[in-house]
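S.K.: coordinates only, sequence not included:
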């Protein structure tokens, strides 16, 4: 994956087909994304590295307003739908509010 900082709706999201649930397709989509630089997850950032490539999709903690939808929900609506369907098909009884992608 390549790195960047998010700036609005992702054009990459337009080509994602949220109805394709094959694991190989989901992996291909994730590999081809331009992942955002994340400097806030120091607990998982390797020593000597300034950042990782990571982002959440779903409900996140906004320290001013409380629980809120992640910005990535509106930037990657098709990716969000694809991952939600993929996870639900794999394990329909597993409950979650957020997917953390690293």
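M.R.: Alright, I've got the coordinates. Model, not experiment: these values are computed from the prediction.
S.K.: next secondary structure after the helix or strand of the chain with the lowest mean pLDDT?
M.R.: Ranked by mean pLDDT, DSSP states H and E, the weakest helix or strand in the chain is strand 2-4, scoring a mean of 52. For strand 2-4, the following helix or strand on the C-terminal side (DSSP states H and E) is helix 23-32.
S.K.: so is residue 48 in a helix, a strand, or just coil?
M.R.: Under DSSP: H, G, I helix; E, B strand; the rest coil, residue 48 falls in the coil class.
S.K.: make that residue 35, sorry
M.R.: Put simply, residue 35 is strand when judged by three-state DSSP.
S.K.: how about the longest helix along the chain: buried residues?
M.R.: In the chain, taking DSSP state H as the definition, the longest helix is helix 77-90. Buried positions in helix 77-90, judged by neighbour count with 16 or more other Cβ atoms under 10 Å: 77, 78, 79, 80, 81, 82, 83, 86. To be clear about C-beta, it is placed using only N, CA and C from the backbone, and glycine gets the same treatment.
S.K.: just checking, what packs against that helix?
M.R.: Here helix 77-90 touches helix 23-32, strand 55-62, helix 72-75, strand 98-101, going by 3 or more Cβ pairs under 8 Å, 6 or more residues apart in numbering; DSSP states H and E.
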